[in-house]
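# Got a sequence here, can you build the structure:
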Amino acid sequence: MSLSFSRKRFATIQSSWLEPRKIREMTIVGTRRMIVYDDLRTREKIRIYDARVERPPHYDTFAEFQYSYHYGDSYIPYLHQEEPLKLACQHFLDCIKTNSEPLTNGRRGLEMVRILEAASASLKMNGAPVTFASSTRPPPAFAPAKTEEVLEVEAFAG
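Numbers count the residues shown, from 1 in each chain. From the prediction side, this is the model:
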């Protein structure tokens with residue numbers, strides 16, 4: 001499934017129950033670094049790579065235009081390991097005690113259902129894109145304002 005967001009952001013999700021290899025990785029590519037998260041590793045789940053492509057700011061002729069590839073160090077940050085389900089339950093209890101909004105609330109759940117429905121619609125149309133306006137309000141700790149995002153979903157069976 002491909003998800004296209006505004007501001008030139010996108011995500012690709014590949015999932016198959018038939019895949020014989022157990023792979024649970026997420027790669028996040030930014031303009032300056034790359035993060036690889038491997039959920040199957042018991043330690044060293046996150047690796048950060050200093051890898052990027054740089055383009056020249058200005059060039060007069062096509063012959064002068066050259067991308068340069070930057071391969072720097074990689075490092076593994078220390079992560080305190082805790083059981084994910086225990087953390088989720090503790091967060092829920094803390095929100096009840098402090099009367100605060102949980103990170104995963106009903107609006108986030110509704111947003112996920114809308115994405116899954118768009119993916120199903122895309123599959124029925126042989127992978128054609130399905131576009132809709134996404135309206136979410138992040139928890140106050142992350143952003144004070146309501147955001148509007150245009151999301152395009154393309155799902156492919158294969």
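# Mean confidence (pLDDT) on whichever strand or helix holds Leu87, please.
In the assignment (DSSP states H and E), Leu87 maps to helix 84-98. The average pLDDT within helix 84-98 is 94.
# what's the following helix or strand past it packed up against?
Next along the chain after helix 84-98, taking DSSP H and E as the criterion, comes helix 106-124. Here helix 106-124 touches strand 130-136, strand 147-154, going by 3 or more C-beta pairs under 8 Å, 6 or more residues apart in numbering; DSSP states H and E. C-beta: built from backbone N, CA, C; applies to glycine.
# Can you pull out the low-pLDDT segments for this protein?
The chain contains residues with pLDDT under 70 at 56, 62-65, 135-151, 157-158.
# Could you chop it up by domain?
Domain assignment for the chain by automatic domain parsing gives 1-81, 83-158.
# what's the nearest residue to Arg24 if we skip its chain neighbours?
Asp39 (3.9 Å; C-beta to C-beta, 6 or more residues apart in numbering).
# contacting residues around the one you found?
By C-beta atoms under 8 Å, 6 or more residues apart in numbering, the contact list for Asp39 reads 24-26, 45.
# From Ile13, how far off is Pro84?
Distance of Pro84 to Ile13, given as C-beta to C-beta, to the nearest Å: 19 Å.
# which outside residues touch stretch 84-93?
Against stretch 84-93 from outside (C-beta under 8 Å, 6+ apart): 102-104.
# Help me confirm that Arg32 is found in a strand?
No: under DSSP: H, G, I helix; E, B strand; the rest coil, Arg32 sits outside any strand and is assigned coil.
# That one is in contact with Ala51, isn't it?
No: applying C-beta atoms under 8 Å as the test, Arg32 and Ala51 come out as separate, 9.2 Å apart.
# Show me which of those two is the more surrounded one.
Ala51 (15 against 10; other C-beta atoms under 10 Å).
# ok now the helix or strand harbouring that one, how far from the chain's centre?
Under the criterion DSSP H and E, the helix or strand holding Ala51 is strand 46-54. Computed by C-alpha atoms, centre = their mean, to the nearest Å, the separation of strand 46-54 from the middle of its chain amounts to 16 Å.
# and that strand, which strands flank it?
strand 34-38 (antiparallel), strand 68-75 (antiparallel) (DSSP bridges).
# Report the buried residues of that strand.
By neighbour count with 16 or more other C-beta atoms under 10 Å, strand 46-54 contains the buried residues 46-47, 49, 52.
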